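# Here is a sequence with its predicted model. Questions after.
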Amino acid sequence: MIFYPLSTLMLAGIRQVLLITTPWDMPIFRKLLSDGSQWGISLEYAEQPEPNGLAEAFIIGADFIEGDPVGLILGDNLFYGNGLSETLRKAASTTEGATIFAYSVREPQRYGVIQFDSVGRPVAIEEKPTEPKSEYAIVGLYFYDSDVCNVARQIIPSTRGELEITDVNNHYLRAGRLKVEKLGRGIAWMDTGTHEALLQASNFIEAIETRQGLKIACLEEIALRLGYIDVPQVMAQARKLGGTEYGRYLMNLTKGL
């Protein structure tokens, strides 16, 4: 699944990525992804020894961020749809305030929920409310300005003992610096945090790839289209994969280029 959040960040124009994971999972990710240079990006790693909340990412990654705007995506979130790249690049270009995304769901009580006023302005965010004020869940993709590290340091742990990303978003909301983009029907968002949701995402991807003959979240293809790598690099990666179906797909990408 890690290829999906990486592809989302690349489509947003982000080439410097910090992967935050557990100490025991880090060697696996390092072996799988290396330093990211095969896709024309820079990939670094940091540990979160305990599940202290999403907002801790900005404390762990403060030196990596170094006062720049930053995007955060959860490792189990999948996005797909026409026009997504333009939406992501617009949000990633934000240098003031924060941009988050809302998506209409059937069971909003499972997520952070955002409430809007009569003219569509965000007025409140609640984390997993028993009585949601709207059907709009906040997805696991966020873009912030350079203030976010200081904001995260001021957050008080919740009753769950975690630094909640909702508290970061509420800080920007109270300051009038939060922008909420609603993802419409043309965009698919899947939170694969349960076995059922993971199966649904797998079936969704299989159906599209089988029907269209295209790969979703093919990092080599994205990097080639964006000019991060060139045709010889893609061909070299294809040869490493031998006669596999993925290797043949990469080789086909280079035809006519």
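Yes, it's here.

# could you pull out the strands for the stretch 151-257 of the chain?
178-182, 187-191 (DSSP state E, counting those that start in this stretch).

# hey, least reliable of those by pLDDT?
The weakest mean pLDDT among the strands of the stretch 151-257 of the chain belongs to strand 187-191, with a mean of 91.

# So what touches that one?
Identification of contacts with strand 187-191 by CB atoms under 8 Å, 6 or more residues apart in numbering yields 74, 76-81, 83-84, 87, 101, 103, 111, 139-140, 183, 197, 200-201, 204. (Each C-beta comes from the backbone N, C-alpha and C, glycine too.)

# now stretch 3-17
33, 36, 39-44, 64, 71, 73-75, 77-79, 84-85, 88-89, 91-93, 141, 216-219, 222-223, 226, 228.

# Just give me how far that stretch sits from the chain centre.
8 Å (CA atoms, centre = their mean, to the nearest Å).

# quick one on the thing from earlier: just the buried members of the contacts of strand 187-191?
74, 76-80, 84, 87, 101, 103, 111, 139-140, 183, 201 (16 or more other CB atoms under 10 Å).

# Taking their axis directions, the longest strand along the chain and strand 187-191 sit at what angle?
Counting residues, the longest strand found in the chain (DSSP state E) is strand 136-144. Orientation of strand 136-144 against strand 187-191 (axes from the mean of the first three to the mean of the last three CA atoms, to 10 degrees) gives an angle of 90 degrees.

# list the contacts for Lys255?
By CB under 8 Å, 6+ apart, Lys255 has no neighbours at all.

# again, only this time at 10 Å
Val231 (CB atoms under 10 Å, 6 or more residues apart in numbering).

# Could you pick out the buried ones from the contacts of stretch 3-17?
Using 16+ other CB under 10 Å, the buried members of the contacts of stretch 3-17 are 33, 36, 39-41, 43, 64, 71, 73-75, 77-79, 84-85, 88, 91-92, 141, 216-219, 222-223, 226, 228.

# Out of those residues, which sit inside helices?
33, 64, 84-85, 88, 91-92, 219, 222-223, 226 (DSSP state H).

# Which helix runs longest in the chain?
Per DSSP H, the chain has its longest helix at helix 195-212.

# Helix or strand: which one has Trp24?
Using DSSP states H and E, Trp24 sits in no helix or strand.

# Tell me how many other residues crowd it.
Neighbour count of Trp24, defined by other CB atoms under 10 Å: 9.

# what pLDDT does it get?
Confidence score, pLDDT, at Trp24: 96.

# Near the spatially closest residue to Leu226 that is not a sequence neighbour, how many other residues are there?
Distances taken as CB to CB, 6 or more residues apart in numbering put Met10 closest to Leu226, at 6.8 Å, once the chain neighbours are dropped. By the criterion of other CB under 10 Å, Met10 has 24 neighbours.

# how much space between Met10 and Cys218?
Taking CB to CB, to the nearest Å as the measure, Met10 falls 11 Å from Cys218.

# What of Asn52?
34 Å.

# what does Ala46 give?
For Ala46 relative to Cys218 (CB to CB), the value is 26 Å.

# Among the strands of the stretch 151-257 of the chain, single out whichever gets nearest to Trp24.
strand 187-191 (23.5 Å; CB to CB).

# Walk me through which strands that closest one pairs with, and which way each runs.
Here strand 187-191 has these sheet partners by DSSP bridges: strand 77-81 (antiparallel).
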